[in-house]
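In: Next comes the sequence, and after it the predicted model I'd like to discuss.
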Number of protein chains: 2
Amino acid sequence: MDLDERKFRILQAIIDDYITTAMPVGSRTISRKQGMGLSSATIRNEMSDLEELGYLASPHTSAGRVPSYRAYRLYVDQIMRVSSLPQTEYSLLSSIFSSRMGLMEDVLTSATQALSELTDYTSVMIAPQTSSIARVQLVPLTETTALMVTVTGEGAHKDSVLRIPPGVTPDHLYALSNLLTEKIAGRDITQLPAVMQEFYQEMNGQRELFEQLMESLKKQMQPDAHSVHVAGAARLLSHPEYSDLEKARNLLSTLETQDKLAKLLTQRNGLEFSVAIGPELSEEGMQDCSLVTVSYRVGGGVGTMGVIGPTRMQYGRVISVMEAMKKVMSEALIPQKGSAGQRKEEKDEGKQKE
Amino acid sequence: MDLDERKFRILQAIIDDYITTAMPVGSRTISRKQGMGLSSATIRNEMSDLEELGYLASPHTSAGRVPSYRAYRLYVDQIMRVSSLPQTEYSLLSSIFSSRMGLMEDVLTSATQALSELTDYTSVMIAPQTSSIARVQLVPLTETTALMVTVTGEGAHKDSVLRIPPGVTPDHLYALSNLLTEKIAGRDITQLPAVMQEFYQEMNGQRELFEQLMESLKKQMQPDAHSVHVAGAARLLSHPEYSDLEKARNLLSTLETQDKLAKLLTQRNGLEFSVAIGPELSEEGMQDCSLVTVSYRVGGGVGTMGVIGPTRMQYGRVISVMEAMKKVMSEALIPQKGSAGQRKEEKDEGKQKE
DNA sequence: GTTAGCACTCAACGCAAACGAGTGCTAACA
DNA sequence: TGTTAGCACTCGTTTGCGTTGAGTGCTAAC
C-alpha cells in the first residue's frame, strides 16, 4: 500500500502538530483542523493505516499518535516546504556581520551564537577547511621554541608551537618564513608534500628544523585540528524530551566533547545540506536528536554549520535560517583579493576579478 | 549566645552529612555518629539553638535540618580542614602536564578539564594576565590588514587584526615589529603608554598605523580579552539541587556567557584563595552555587581558576585539588628564561637567575 | 545538664475511585 | 464503497484519603 495524497496531508498535519506541541496527536485534533473536512472517525482509520505502515506509533492505547523516525524522514525528504527567511530577519542577520572586521574565529563565534538564537536550538560550527596557505610566519617564543602562524587562503590563521635548534636567530626565522611562504603561497594544499620537498632543497640540510616545520604544518592542516564552536547547549533543556535529567546530562556532556562534534561535522563537510534523524546518529545520547548541517564556502575552503535539536525539530524554519546564514557568512568572510601571499612581486596576480 | 565547642562539633557533623547526602539531617543521625556520645534529645536541643542562631533551617517541621548560608560561611572560614592531596592523585595530576609542550591556551584547556574531572564539579579558568610583552610581530593577512601576534612575558600569545595603510610591505611590517619589540620587551605593562610614546618618535609620523597598533595592544591587554575556559558544565546536572530544569537551564546558560564568567574570575584575580557562597553570587541562576577560586602565578602574571558547584560543595577536597593544580601549573607553564625578547644583543640579560 | 518518653506534624506512599482523551468497531448513510 | 455517528472499551492521569514513618518539641525524671 502506498501513501495517497490524503494520507500525506494527514501525516503532515500530525507532524506539524506534534512539532509544536510535543504531545501525542489525537484524531479529533486533526479533523478539526482548517481545511481538513473529514470526521475524526475517518482520520482514525487513516491513522491506523499510517501506524501499520510504520509512520506513526502510539505510546499506549488511549493516547494519540506520535510520528516515528520514518515519518520524520519522509517529512524532511518530501513533505516539508522550506520558505526563505523573511526579509526583516534576513537583514537583521546580515547586520550582525556588516560592521565586523576581525579574526575568523571571532566571526565564527558570533555566527554560532546567532544561529542558536535564531533557531532556539543548539548550534555548532567548524571553520572552513584549508585549501591553500597564503603565508607562514615563525615568531620566536622562547630560546628553544617558536610559534608557527599560518595564514590560510580562507583568511583564517592557525598557531602551533615547534621546537627550534639552539642558535637560530629571529632574522633567520623570518628569512625561513619568507622562503617557505614563497614556495607555498597560491599552491593547493594537496601539493604540500611536493612543495615541502622543494623547500627542503633550499634549506641547506637543516633536517631537524625541517621535520618540525613539516610536522606542525601537517598537524595544522588536519580537518578537525581547530576548535568546534558550540552555542546554546542550555537551550536543549527547555524542550520536554530532555526532562529526563540523565538523558540531558548525557547529551550535554557529548556536546562538551569537542572531538565527537568535530567528527560529526567533518563527516558532513562539503555536503550542501544534510539531515540526520534520531537513530541515524550513533553518538552517545543523541538518539533522540536530529542534526541539520549546511556547508558554507569561503574562498576555496568549505566549512560546516549544524543545528542540534529534538527529532521533533522545526526543520523548515531551521533550514531557512541556515541557508540565510550561509549566504551572509560567505559574504562576511570573503577573503580580500591579493591576500597575504608573496611580497611585492605578485602585485598583478589578483587583478582578473573586479 | 556564642558557639561553644560542642555546637561547633555538631554543626560540623550536620554539614558533613548534608554535603554527602543532600538530605535534611535528623538528630538521631547525628547522635549515632561515631564519637558523638550524646542522645538524640540533646542533639535536638542543640539543633534548636543552632536554628535560632541562623545556622540551620528546617524545610518543614518533620524533616531534619539543613545548613544555611551562614553555616557554610562558618564552615569554610573556621571548621573545615584542608588536607593536601594524596600523593597518588598528585602525581597523576602532574603527569598530565609533564609531556606537554604547546600553546598556553591548550594547556589551560587540559587543566580545566582535569580540574573538573578531579572535583566532579564545573571548572573555569582564565589565562594569566599579562605583566610584560616579550615580542610583537605583525603578519600580513590581506592587502589592507595584518595580524598582530603578541607574545607575553608569561609565554602566552594573543592575536588580533588591524588595518594597515596601503603600500606597507611585509618587510616594513617586520622592521616595525622589531622596533616595537625592542622598545617594549622587558618593560612592565604599566609603562606601555610611555613605551608607545618613545616608539612613535621613531616611526616617522605614520600616525594611522600607530593608532591601529596602539588600539590593538590596548585591546589585547584588557584582562578579560581572552577566552574563559569552561569544563564539565554538564556535571552540575547530576547534583540533586538542579533537578529543577528551569534552574538548571538558567545556570547553564550563565555558564555559556563568557563575559559574565570572565568578570567573576577577574574580580578575584590575584586573591590567593576565595570562596563565594550562594547569596554572595549575584549572577543569574548562581544563587544556589558556590564558587571557589585560587590564583596561580606564571612568571610575572597571575591567572585564576575556579570551581563551581552547589553550596553543598566538598570544599575541603576541592581546595586541596586546586592547590595541587596551582602548583603543577606553575611548574608546567614556567616561561623559559631568555624568552622571545629582543634579538642577539640581549644575550646577557637573563643570566642572573640560574 | 542529660535523657527517656510521648504527643504531634507533615511529606511521602499506596490505593481506589472518578475522569477523560483517545481508540477500535459496528452499523447506518449518501 | 467510502464516510460518519455512536458506543463500548482502554488506560494514563488526577483526586482524595488513610497509613506510615522520620523527625520534632516538650515534659518529667535521672
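Out: Perfect, thanks for sending it. Numbers count the residues shown, from 1 in each chain, chains lettered A, B, ... in the order given.

In: Can you name the residues that contact the spatially most central residue of chain A?
Out: Centroid-nearest residue in chain A: A:Met305, 1.9 Å away (criterion: CA atoms, centre = their mean). Contacts for A:Met305 were tallied using CB atoms under 8 Å, 6 or more residues apart in numbering or on different chains; they are A:111-112, A:115, A:123-125, A:293-296, A:322, A:325-326, A:329. Quick note: C-beta positions are derived from backbone N, CA and C, even for glycine.

In: Quickly find the element holding it.
Out: Element membership for A:Met305, per DSSP states H and E: strand A:301-310.

In: go on, A:Leu173?
Out: With DSSP H and E as the criterion, A:Leu173 is inside helix A:170-184.

In: so is the closest residue to DNA strand D within the stretch 1-150 of chain A in a helix, a strand, or just coil?
Out: Relative to DNA strand D, the nearest point of the stretch 1-150 of chain A is A:Ser62 (2.9 Å; CB to the nearest atom of the strand). The three-state assignment at A:Ser62 reads coil, by DSSP: H, G, I helix; E, B strand; the rest coil.

In: burial of it, as a residue count?
Out: 8 (other CB atoms under 10 Å in any protein chain shown).

In: same check, this time on the one 4 residues further on
Out: A:Val66 sits with 18 neighbouring residues when counted by other CB under 10 Å.

In: Adjacent strands (with direction) for the strand or helix carrying it?
Out: Taking DSSP H and E as the criterion, A:Val66 maps to strand A:66-67. Strand pairing for strand A:66-67, determined by DSSP bridges: strand A:56-57 (antiparallel).

In: which residues of chain A score low on pLDDT?
Out: Low-confidence segments of chain A (pLDDT under 70): A:1-2, A:99-101, A:224-226, A:335-354.

In: One more pass at 50, please.
Out: For chain A, the stretches flagged by pLDDT under 50 are A:338-354.

In: How is it divided into domains?
Out: Listed domain ranges for chain A are A:5-79, A:87-129+A:226-333, A:133-222 (source: automatic domain parsing).

In: Report whether the second one contacts DNA strand D.
Out: No. Shown here: domain A:87-129+A:226-333 not in contact with DNA strand D (CB under 7 Å from any atom of the strand), separated by at least 11.8 Å.

In: The helix or strand harbouring A:Lys327 and chain B in contact?
Out: In this structure, A:Lys327 sits in helix A:315-333 according to DSSP H and E. No. Applying CB under 8 Å from any CB of the partner chain, one finds helix A:315-333 separated from chain B by no less than 11.8 Å.

In: Please name the bridge partners of A:Gly301.
Out: Legend: beta-bridge partners of A:Gly301 under DSSP bridges are A:Val298.

In: What ranges does the stretch 151-300 of chain A have for its helices?
Out: A:170-184, A:192-201, A:207-221, A:245-256, A:258-267 (DSSP state H, counting those that start in this stretch).

In: Including mean neighbour count and distance to DNA strand C, could these go into CSV?
Out: As requested, the helices of the stretch 151-300 of chain A are exported to CSV (neighbours: other CB atoms under 10 Å in any protein chain shown; distance: least, CB to the nearest atom of the strand, whole Å):
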stretch, mean neighbour count, distance to DNA strand C
helix A:170-184, 19, 64
helix A:192-201, 14, 60
helix A:207-221, 17, 54
helix A:245-256, 20, 17
helix A:258-267, 18, 36
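
In: right, so of these, which gets closest to A:Leu85?
Out: With CB to CB, the closest approach to A:Leu85 among the helices of the stretch 151-300 of chain A belongs to helix A:258-267: 22.4 Å.

In: how about the residues of the stretch 1-150 of chain A that lie near DNA strand C?
Out: A:23-29, A:40-41, A:44, A:47-48, A:51, A:58, A:61-65.

In: now do 10 Å
Out: When proximity is defined by CB under 10 Å from any atom of the strand, the stretch 1-150 of chain A lies next to DNA strand C at A:14, A:17, A:21, A:23-32, A:39-49, A:51-52, A:56, A:58, A:60-65.

In: Which ones among the residues you listed map onto helices?
Out: Using DSSP state H, the members of those that fall in helices are A:14, A:17, A:21, A:27-31, A:40-49, A:51-52.

In: Just the buried residues of the residues you listed.
Out: Using 16 or more other CB atoms under 10 Å in any protein chain shown as the burial test, these include A:14, A:17, A:27, A:29-31, A:42-44, A:46-47, A:49 as buried.

In: Looking at these, spot the one nearest B:Ser243.
Out: A:Asp17 (29.9 Å).

In: isn't the closest one right next to A:Gly26, touching?
Out: No. The criterion here is CB atoms under 8 Å, and A:Asp17 misses it with A:Gly26 at 9.5 Å.

In: that older thread, buried only: go through the contacts of A:Met305 for me.
Out: A:111-112, A:115, A:123-125, A:293-296, A:322, A:325-326, A:329.

In: before we move on, the earlier item: using JSON lines, lay out the domains of chain A together with distance to B:Ser243.
Out: Listed next are the domains of chain A as JSON lines, based on distance: least, CB to CB, whole Å:
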{"stretch": "domain A:5-79", "distance to B:Ser243": "20"}
{"stretch": "domain A:87-129+A:226-333", "distance to B:Ser243": "6"}
{"stretch": "domain A:133-222", "distance to B:Ser243": "41"}
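
In: Out of the ones you listed, the one nearest B:Phe199 is which?
Out: Per CB to CB, nearest to B:Phe199 of those: domain A:133-222, 18.0 Å.

In: just how off-centre is that closest one within its chain?
Out: Distance of domain A:133-222 from the chain centroid (CA atoms, centre = their mean, to the nearest Å) equals 29 Å.

In: which residues are in contact with the helix or strand hosting A:Val107?
Out: Following DSSP H and E, one finds A:Val107 within helix A:104-119. Here helix A:104-119 makes contact (CB under 8 Å, 6+ apart) with A:89, A:93, A:96-97, A:100, A:122-125, A:127, A:154-157, A:226-227, A:229-232, A:235, A:305, A:307, A:309, A:314, A:317-318, A:321-322, A:325, A:329, A:332-333.

In: Just give the nearest non-adjacent residue to the residue of chain A found nearest DNA strand C, would you?
Out: Nearest residue of chain A to DNA strand C (CB to the nearest atom of the strand) works out as A:Gly26 at 2.7 Å. The shortest distance from A:Gly26 to any non-neighbouring residue, by CB to CB, 6 or more residues apart in numbering or on different chains, is to A:Gly64 (3.8 Å).

In: need the contact list for that neighbour.
Out: A:23-27, A:29, A:58.

In: How about A:Phe97, nearest residue that isn't a chain neighbour?
Out: Using CB to CB, 6+ apart, the nearest residue to A:Phe97 is A:Ala332, at 3.7 Å.

In: quick revisit: give me the buried entries from the contacts of helix A:104-119.
Out: A:93, A:96-97, A:122-125, A:127, A:154-157, A:226-227, A:229-232, A:235, A:305, A:307, A:309, A:314, A:317-318, A:321-322, A:325, A:329, A:332-333.

In: Alright, calling it a day.
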